[in-house]
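Trainee: Dropping a prediction and its sequence here:
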Amino acid sequence: MDYYFIIFAIMAVGAAIFTITVRDALPSALGLLTVFIALSALYLHLHAPLIAIFQVSIYAGAILVLVVFVIMLLITPDEQLGSPQKNISYRSMGAILGAYLIALLIIGMKGINQIVSRKGLPDGFGHPSLVGELFFKHYLLHFEMASVLLLVALIAAIYLAKKKL
Amino acid sequence: MAGINQYIILSCILFGLGTIGFLTRRNALILFMSVELMLNSINLMLVAFSATRADMAGQVMVLFIFAVAAAEVAVGLAILICLFKHMKSVDLNKFNLLKW
C-alpha cells in the first residue's frame, strides 16, 4: 500500500471533518490550515512541486491569514475565545500540524523522488519552468485576465471595507 | 505513478465534506472555509488528472483557480465585514431582510 498517500489523506479528511463540525471559527480555520498542508504534501506526490509551494504560500499563507484577521475583527464580546492554553482542540491541532510539518521537511530533505516513481512520465514533468512556459505561451490571455480579476477584486475589497454603506 | 482512483475518492470525500459544511453551518466564516475546502478538492483532482495524463495544463488551471479563490475571499470577506457593521453578527439566520 501507498503509505505516503494514506497518511496525508487521513490527515486531510480528519481535518476537514474537524473544520466543518467545530463550533468556533478560529479552530475551524486551524483545521482548514491542516487540510491545506496535507494537500500540499499530496501535490508533491503528484509531481506538482510548484502547486505544492503555492498551496502553502497562497492558501495557508495569504488566504487563511486574511480569514483569521477577519475572525479577529468580528469577535463579539459574548463569544470571546478564552484562554487558548486551556483549550485542548487548539493544542492537539497545533501538535498534529507541527508533527506533519516536520514530516514534510524530512521528506523534502530525503527527496520526494525516492518516494514517488516517475514511471511513464516525460522528462522534467512538473518542473516549474514548464508551467511558466505554458503560462506565457499558451495561456497568456488567460493570465492577463486573471491579473485583471485580481485587480478588480482588490479595488472592490478596499471600496467595500472603507465606505460607510 | 500513484493510482488515480484513490485521489478521485479523496477528492470526492473532501468535496462532499465541504458541501455538507456549506449547507449545514450558519456561521458565515465557516461557510467561506467550506467553499475553500471544495475548491481545494477540485484542485486535487485537477492535479491528479494532470499527473495521470502527463499534461501540464491541469497544473496551470490550478494556478488560475488560486487566483479566483484569492479574489473570492478578498471580496467575500469585505462583504462580510460590511454585513457585520450593520447587523453585529455573522449568523446567517439573522440576515433575513429579503426572506419571503
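Mentor: Arrived safely. Numbers count the residues shown, from 1 in each chain, chains lettered A, B, ... in the order given.
Trainee: how close does the residue nearest in space to the middle of chain A sit to residue A:141?
Mentor: Central residue of chain A (CA atoms, centre = their mean): residue A:36, 3.2 Å from the mean position. Per CB to CB, to the nearest Å, residue A:36 is found 29 Å from residue A:141. (Glycine included, C-beta is placed from N, CA and C.)
Trainee: What of residue A:93?
Mentor: 42 Å.
Trainee: Just want to know which of those two has more residues nearby.
Mentor: A count of neighbours by other CB atoms under 10 Å in any protein chain shown puts residue A:93 above the other of residue A:93 and residue A:141, at 19 against 8.
Trainee: Which helix or strand contains residue 68?
Mentor: No chain in the question, so chain A it is. According to DSSP states H and E, residue A:68 maps onto helix A:64-74.
Trainee: Chain B is the one I meant
Mentor: With DSSP H and E as criterion, residue B:68 is part of helix B:57-87.
Trainee: what's the angle from that helix to helix A:64-74?
Mentor: 10 degrees (axes from the mean of the first three to the mean of the last three CA atoms, to 10 degrees).
Trainee: Alpha carbons of stretch A:17-26, as CSV, please.
Mentor: Coordinates of each C-alpha in stretch A:17-26 appear next as CSV, following Å, rounded to 0.1, in the frame of the first residue of the first chain:
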residue,chain,number,x,y,z
ILE,A,17,-14.4,16.9,9.4
PHE,A,18,-12.9,19.0,12.2
THR,A,19,-13.3,22.1,10.1
ILE,A,20,-17.0,21.7,9.5
THR,A,21,-18.0,20.4,12.9
VAL,A,22,-16.2,22.5,15.4
ARG,A,23,-18.3,25.3,16.9
ASP,A,24,-16.0,28.4,16.8
ALA,A,25,-14.5,29.9,13.7
LEU,A,26,-10.8,30.0,14.8
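Trainee: buried ones in it?
Mentor: Within stretch A:17-26, the residues scored as buried using 16 or more other CB atoms under 10 Å in any protein chain shown are A:17-22, A:24-26.
Trainee: which of those come close to chain B?
Mentor: A:17, A:19-20, A:25 (CB under 8 Å from any CB of the partner chain).
Trainee: Tell me which of these fall in helices.
Mentor: A:17, A:19-20, A:25 (DSSP state H).
Trainee: Could you list the low-pLDDT ranges of chain B?
Mentor: B:1-2 (pLDDT under 70).
Trainee: same thing but at 50, please
Mentor: B:1 (pLDDT under 50).
Trainee: thinking again about what came up before, pick the one among the ones next to chain B among the buried residues of stretch A:17-26 closest to residue A:41.
Mentor: Distance to residue A:41 across those (CB to CB) is lowest for residue A:19, with 17.3 Å.
Trainee: and that closest one, what is it in contact with?
Mentor: Neighbouring residues of residue A:19 by CB atoms under 8 Å, 6 or more residues apart in numbering or on different chains: A:28, A:31-32, A:35, B:17, B:21, B:30, B:33-34, B:37.
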